[in-house]
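J.: Need the 3D shape of this:
(chains A and B, ligands or ions: 2)
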Amino acid sequence: MLSVENLNKSFKSDGGEVHAVRDVNFRAGDGEMVAIVGASGSGKSTLLSLLGLLDAPDDGSIEMNGTQLAHLDAQGRTRYRSRQVGFVFQSFNLIPNLSAKENVKLALEFADWPKEDRDARAEAMLAMVGLGGEKGNRRPSKLSGGEQQRVAIARAFAAQPQLILADEPTGSLDRATGQKIVELLRNAASTLKTTVLVVTHDEKVAQQADRRLEIEDGVLTEIA
Amino acid sequence: MNALRRGARNAFRNAMRSVGVVVILGVAIALSISMLIARGAVDAKISAVRSSTGNTITVSPAGFFAGQGGGTPLTTAQVTGLLSVPNVTAVQASLSERLSSTQTNLTSPTLAGSLGQRFGGFAGGASGSAGSLSVPIRVTGTNSPGTSLVGGANGGGTEKLTAGVAFSATSHADVAIVGADLATKNDLKVGSTFRAWGATITVVGIYDAGSTFANAGVLMPLATVQRLASAANQVTGATVTVNSLGNVSGAVSAITKKLGTAADVTSTQATVQSQLAPLNSVKTISTYTLIGAVVGAAVILLLSMLMIVRERRREIGVLKALGATNRSVASQFVAESTTFTVLGALVGGLVGVLISSPLTSALVSASGGASPTGFVRSGGGFTGAGTGFTPPAGAGGALGFRGFRGISNTLSQLHTSASWSTLAFALLAALVIAAFGSTVASATVTRVRPAEVLRSE
Ligand SMILES: Nc1ncnc2c1ncn2[C@@H]1O[C@H](COP(=O)(O)OP(=O)(O)OP(=O)(O)O)[C@@H](O)[C@H]1O
Ligand SMILES: [Mg+2]
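T.: Numbering: from 1, shown residues only, chains lettered A, B, ... in the order given. Ligands and ions are numbered 1, 2, ... in the order given. Alright, predicted model coming up:
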């Protein structure tokens, strides 16, 4: 269970102050998939970076299963990222000189997953996203965009995180492929009991979520 | 796969750049290693040359060399006066004379030969045919037979008394120590007599100096030769001994000042100093090249790592977003720069050891005087004096011969070798270079904010 209260973040730039996230409040349950929609520059990515502890909020609270995360130090944030959060990016962001399997094992390594189990775990995760067998040994450049995003999803879920943060996961894919990726996220969320937050511009993608939230100039509202 | 292995693997991500970086590092390391080896070789050479330097000074009448040239003999007073020069501990004076066939009943064991005829200068048969040439007998008058006997005042080698005794330094007696070959040729034994300048000389000893030339000479008391050869107070050469090596150049100037234009004053040390100058400049060049190569390698690695870190800024952010610690990401880059350095060191080490030998000899000969040919004149002058060629008995000096030969030998044997300390230093330098490149990379890694990954997608 993710619970966010009165979350605020602003940036100082040459043109003055940008209040990217304003008094955001929401909750998301385990296994729930929540879509976040909004115009460009509305603060979607900023919100994800706060929830993923990539950045610290100015004030507010982020609670994960009763644990306060907003005030962790750098070491605590790193630990939380490695074990409790998984990221899926628009541009996949796989490490180019590592094979699909090695990319998945990277997340397991950072999460201190038992060494002897990493290989099997990585293979199981790749099988879950439909990339069993030989494709696991390929480098990202030898995989299609959809396949690369599958590897990224396997990597994000590998260390059994509580929360998956996906920023425009279908943005670089054609409609049909994107559709399959969203289904994959949807299924993984419910079977693994993981909370999935998906930022998207695509109405069709948003409609597949359990709930939809809209953000406008940093202000978050629930769409009925 | 841990961060270190990932880093080592990353070193090969861009094959072209990796080869470039490794080659440049290799060249720099090769240069440093060969400069180190060159320095070591030159150092060894310098100390070898230094240790072959004696603490003696040779004084000869101006313009007189190798028994040739003009010049007015020095006087006994001038030479003994040198004892008052500060730091001078002994003065050995000698007078070189020749006995023509009309002045002695001795026959030289040496044949005139073509060299003898060319250089001429024999008494008797001056206008006669080649057949009537006879080689004169060399007589060296000395006031310190002890020194002559070990120093080879008589033109090289070390005289060893094989029979009889030496005469005393102040002797006025009509006595002589004769060379082994001369003794054999003339059937001389201890107690035998021969005729010289009308006087009857008694043989008190026989020496062997190991060379045909030296063994054809006669050593007699200085005073006796001065009297018999009507050369009262005349001296053709002196060897001045100074109490320590450090005082030699001071004594040379003092003696030069005292004798003025009458004498040529030389010490092997002065000669050695002028030979050492180019070696010292090679040493300086190699020191600067060494520093330059190490600094250059460090800068190249640093810039390459900066370029790589910048290029992988996004990837660094991704690793951090996945939960990698700063330390883990930094160690990955440290491993990468260390891989470059190790490969560079392997390439450089191999090339460095291979090129150091030709490079060292090129550097040494390019710097002129230190090449062995610089010594041919002196060395050849003495060794070539086989027949009918009179060397400077006292003038060229005992030390002259030994010193020159020593230097030319050691110079021609200028060795290059990679010692363990050289390798240890190279390893240390490589580590410093790697550490330098790594530190900069790590510093940049730490500054990358993971939130950047979500921006500008
Ligand atoms: N590090 C930063 N420094 C300064 N301003 C920032 C920073 N990060 C975000 N902003 C600003 O905050 C606002 C929200 O940006 P954010 O990236 O969250 O938008 P977004 O909704 O993800 O847009 P897009 O759909 O284009 O990705 C923008 O005005 C942006 O310029
Ligand atoms: Mg965004």
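J.: So which residues on chain A come close to ligand 1?
T.: By the rule CB under 6 Å from any ligand atom, the part of chain A lying against ligand 1 is A:11, A:13, A:18, A:20, A:38, A:40-46. Backbone N, C-alpha and C define where each C-beta goes, glycine included.
J.: give me that answer again for 8 Å
T.: By the rule CB under 8 Å from any ligand atom, the part of chain A lying against ligand 1 is A:11-13, A:18, A:20-21, A:38-49, A:55, A:167-168, A:199, A:201, A:215, A:218.
J.: Next, count neighbours for A:Gly133.
T.: 9 (other CB atoms under 10 Å in any protein chain shown).
J.: Next, it: phi, psi?
T.: phi 70, psi -140 (degrees, to the nearest 10).
J.: Smallest distance to chain A belongs to which residue of chain B?
T.: B:Gly323 (2.3 Å; CB to the nearest CB).
J.: What residues does that residue make contact with?
T.: A:78-79, A:81-83, A:85, A:107, A:110-111, A:159 (CB atoms under 8 Å, 6 or more residues apart in numbering or on different chains).
J.: rewinding a little: from the residues of chain A next to ligand 1, which ones fall inside helices?
T.: A:44-49 (DSSP state H).
J.: Which pLDDT value goes with the residue most central in space within chain B?
T.: Nearest to the mean C-alpha position of chain B, by CA atoms, centre = their mean, lies B:Val49 at 3.4 Å. pLDDT for B:Val49: 73.
J.: At which residues are the strands of chain A located?
T.: Ranges of strands in chain A, per DSSP state E, are A:2-13, A:16-28, A:33-37, A:59-64, A:67-68, A:85-88, A:163-167, A:195-199, A:211-216, A:219-223.
J.: Let me know the secondary structure of B:Val265.
T.: strand (DSSP: H, G, I helix; E, B strand; the rest coil).
J.: quick one: which helix or strand includes B:Ala173?
T.: Per DSSP states H and E, B:Ala173 falls between elements, in no helix or strand.
J.: again, but for the one 5 residues further on
T.: When elements are assigned from DSSP H and E, B:Val178 belongs to strand B:175-179.
J.: List the neighbouring strands of that strand plus their orientation.
T.: Under the criterion DSSP bridges, strand B:175-179 sits next to strand B:199-208 (parallel), strand B:218-221 (antiparallel) in its sheet.
J.: so which of the ones you listed gets nearest B:Leu99?
T.: strand B:218-221 (7.9 Å; CB to CB).
J.: Work out the gap between that closest one and the centre of the chain.
T.: Relative to its parent chain, strand B:218-221 has a centroid offset of 33 Å by CA atoms, centre = their mean, to the nearest Å.
J.: And stretch B:27-43, by the same measure?
T.: The answer for stretch B:27-43 is 20 Å, by CA atoms, centre = their mean.
J.: So for that stretch, what gets flagged as buried?
T.: For stretch B:27-43, burial by neighbour count (16 or more other CB atoms under 10 Å in any protein chain shown) applies to B:27-42.
J.: just the CA coordinates of that stretch, formatted as CSV?
T.: Presented in CSV, the C-alpha positions along stretch B:27-43 are these (Å, rounded to 0.1, in the frame of the first residue of the first chain):
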residue,chain,number,x,y,z
VAL,B,27,53.8,4.5,-26.1
ALA,B,28,54.0,6.8,-23.1
ILE,B,29,54.8,3.9,-20.8
ALA,B,30,57.3,2.5,-23.2
LEU,B,31,58.9,5.9,-23.3
SER,B,32,59.0,6.2,-19.5
ILE,B,33,60.5,2.7,-19.2
SER,B,34,63.2,3.3,-21.8
MET,B,35,64.0,6.7,-20.2
LEU,B,36,64.3,5.0,-16.9
ILE,B,37,66.6,2.4,-18.3
ALA,B,38,68.6,5.0,-20.2
ARG,B,39,68.9,7.0,-17.0
GLY,B,40,70.1,3.9,-15.1
ALA,B,41,72.6,3.0,-17.9
VAL,B,42,73.9,6.6,-18.0
ASP,B,43,74.1,6.7,-14.2
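J.: interface residues of the stretch 351-457 of chain B facing ligand 1?
T.: B:449, B:451-452, B:454-455, B:457.
J.: Next, work out how far apart the closest residue to A:Pro169 other than its chain neighbours and A:Arg155 are.
T.: In this structure, A:Pro169 finds its nearest non-sequential neighbour in A:Val88, 4.8 Å apart by CB to CB, 6 or more residues apart in numbering or on different chains. For A:Val88, the distance to A:Arg155 equals 8 Å [CB to CB, to the nearest Å].
J.: More neighbours: which of the two?
T.: Taking neighbours as other CB under 10 Å, A:Val88 and A:Arg155 compare with A:Arg155 leading, 28 against 24.
J.: residues contacting that one?
T.: A:86, A:94, A:103-104, A:106-107, A:125, B:322.
J.: quick one: which of the buried residues of stretch B:27-43 is nearest to B:Gln92?
T.: Nearest member of those to B:Gln92, counting by CB to CB, is B:Val42, at 34.5 Å.
J.: Could you list every helix and strand in contact with whichever helix or strand that closest one is part of?
T.: Per DSSP H and E: B:Val42 is located in helix B:15-51. When contacts are defined as 3 or more CB pairs under 8 Å, 6 or more residues apart in numbering or on different chains; DSSP states H and E, helix B:15-51 packs onto helix B:268-311, helix B:326-366, helix B:398-412, helix B:420-447.
J.: what angle do it and helix B:326-366 make?
T.: Orientation of helix B:15-51 against helix B:326-366 (axes from the mean of the first three to the mean of the last three CA atoms, to 10 degrees) gives an angle of 50 degrees.
J.: So B:Leu182 versus B:Leu222, what's the distance?
T.: 20 Å.
J.: If you go by neighbour count, which of the residues of chain A next to ligand 1 are buried?
T.: Buried, going by 16+ other CB under 10 Å: A:18, A:20-21, A:38, A:42-49, A:55, A:167-168, A:199, A:215, A:218, out of those.
J.: thought B:Leu74 was touching B:Pro61?
T.: Yes. Between B:Leu74 and B:Pro61 a contact is recorded at 5.4 Å, counting by CB atoms under 8 Å.
J.: who touches both of these two?
T.: By CB under 8 Å, 6+ apart, the residues touching both B:Leu74 and B:Pro61 are B:236, B:262-263.
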